[in-house]
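Q: 3D, please:
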Amino acid sequence: MISSAAGDTEKKILLILKVLSESSEPLGSIAIARKLEELGLSLNQRTVRYHLRIADERGYTKPMGRDGRMITPRGLEEIREARVPEQLGFILDKLELLAFNTTFDPKTRSGLFPINTSLFDKEVFPKALEAMRGAFETGLCISQMVAVAGEGKKLGDVVIPRSKVGLATVCSIIVNGVLLKNGVPVDSRFGGVLEIKDSKPKRFVAIINYGGTSLDPSEQYIRAKMTSVGEAARTGNGKILANFRELPAPARPVVERVVAELKEAGMGGVYALGNTGEPVCQISVGTNRIGMALLGGLNPVAAAVEAGIEVDNVAESGMISYAQLIRFHDLK
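A: Numbers count the residues shown, from 1 in each chain. Next up is the predicted model:
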């Protein structure tokens, strides 16, 4: 059994890791102590240094000389995994918050919407772009609009680390957000792997309910190598990332109008829309409800991973302005 003292130490280390994860530069004990004070934890420099030594020994942090310390990939993983038991349903809560914060107006092509952020090594980024090209060209994504940032810059809530390039892809929650602003409540049921044949949706072959997970389903499927997005883009047959939503049947006219407006603004992603009470991709829906299958925003990135390219994904990584986007085909 973990003692209260040990538990207190772990909490302090996690808060220190959180502070380091939000900085693109090394931080010393003085700067960390100040940041911790803002989070409501008062620690003197000596105590911070003590916990940093523990973090160093565990491989969570890396000393950078007089400049201080940087968080390591192992440290970032520790942040994600440490509070899993407390975070069941966390993803669903996050999706709802991002939808609420969406201000994108497809008519004016302005406002904020959620993104996914993917981190690539600089030297492999050109190869990654080529691997992703097919998914963008065949429309296996929410939008062909993306954003790119170099080290030290931010995409949503993510600071791009050294020697990395960040790519932001439009998240499918943009559909939830715009529908919500038009008075249509959306029930986000699950993220899954969708089998397609002849470029048409067939059936879901794997699903993870949002309410029962602390991690984004798409990230898990990509890590497990359960997709064949590249093949789907080339042949029209394969397994892609997709999400399932349920909506009130009386709202269908509004849904169709909003979907058309989003498509006109270059924001697609609605792969299948059912009729009242009709199963969609072999998934049943409730009485007086309609089902909707949305393409996964990380499909192009999944194609890059299938091509052997390493990438760190942060799904639902925050909000971005439409003005920051460029067309994928304009990337150099």
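Q: enumerate every residue touching the residue nearest to T117 when sequence neighbours are not counted.
A: Spatially, and ignoring its direct neighbours in sequence, T117 is nearest to S317 (3.9 Å; CB to CB, 6 or more residues apart in numbering). Where you see a C-beta, it was placed from the backbone N, CA and C, and this is true even at glycine. Taking CB atoms under 8 Å, 6 or more residues apart in numbering, we find S317 in contact with P114, I115, N116, T117, L155, G156, D157, V158, A168.
Q: for stretch 236-244, C-alpha coordinates in PDB please.
A: Below are the C-alpha coordinates for stretch 236-244, written out as PDB (Å, rounded to 0.1, in the frame of the first residue of the first chain):
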ATOM      1  CA  GLY A 236     -11.300   2.200 -52.000                       C
ATOM      2  CA  ASN A 237     -11.100  -0.900 -49.700                       C
ATOM      3  CA  GLY A 238      -9.600  -0.900 -46.200                       C
ATOM      4  CA  LYS A 239     -10.100   0.000 -42.600                       C
ATOM      5  CA  ILE A 240     -10.200   3.700 -41.500                       C
ATOM      6  CA  LEU A 241     -10.800   5.700 -38.400                       C
ATOM      7  CA  ALA A 242     -14.400   6.800 -37.900                       C
ATOM      8  CA  ASN A 243     -16.700   8.100 -35.100                       C
ATOM      9  CA  PHE A 244     -20.400   7.500 -34.400                       C
END
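Q: what's the offset of that stretch from the middle of its chain?
A: 17 Å (CA atoms, centre = their mean, to the nearest Å).
Q: what's the answer for stretch 247-266, then?
A: Put simply, stretch 247-266 sits 23 Å off its chain's centre (CA atoms, centre = their mean).
Q: buried stuff in that stretch?
A: In terms of neighbour count (16 or more other CB atoms under 10 Å), stretch 247-266 has its buried residues at L247, P248, A249, A251, R252, V255, V258, V259, L262, A265, G266.
Q: take the residues you listed and keep only those in helices.
A: Counting by DSSP state H, the part of the buried residues of stretch 247-266 found in helices is R252, V255, V258, V259, L262.
Q: need those in a markdown table with pLDDT and distance to L43, can you?
A: Putting those into a markdown table (pLDDT from 0 to 100; distance: CB to CB, whole Å) gives the following:
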| residue | pLDDT | distance to L43 |
| --- | --- | --- |
| R252 | 96 | 55 |
| V255 | 97 | 51 |
| V258 | 97 | 49 |
| V259 | 96 | 51 |
| L262 | 97 | 47 |
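Q: tell me where this structure has helices.
A: Remark: helices assigned in the chain by DSSP H are 4-21, 29-38, 45-58, 73-82, 90-101, 125-137, 173-181, 217-223, 229-235, 252-264, 299-306.
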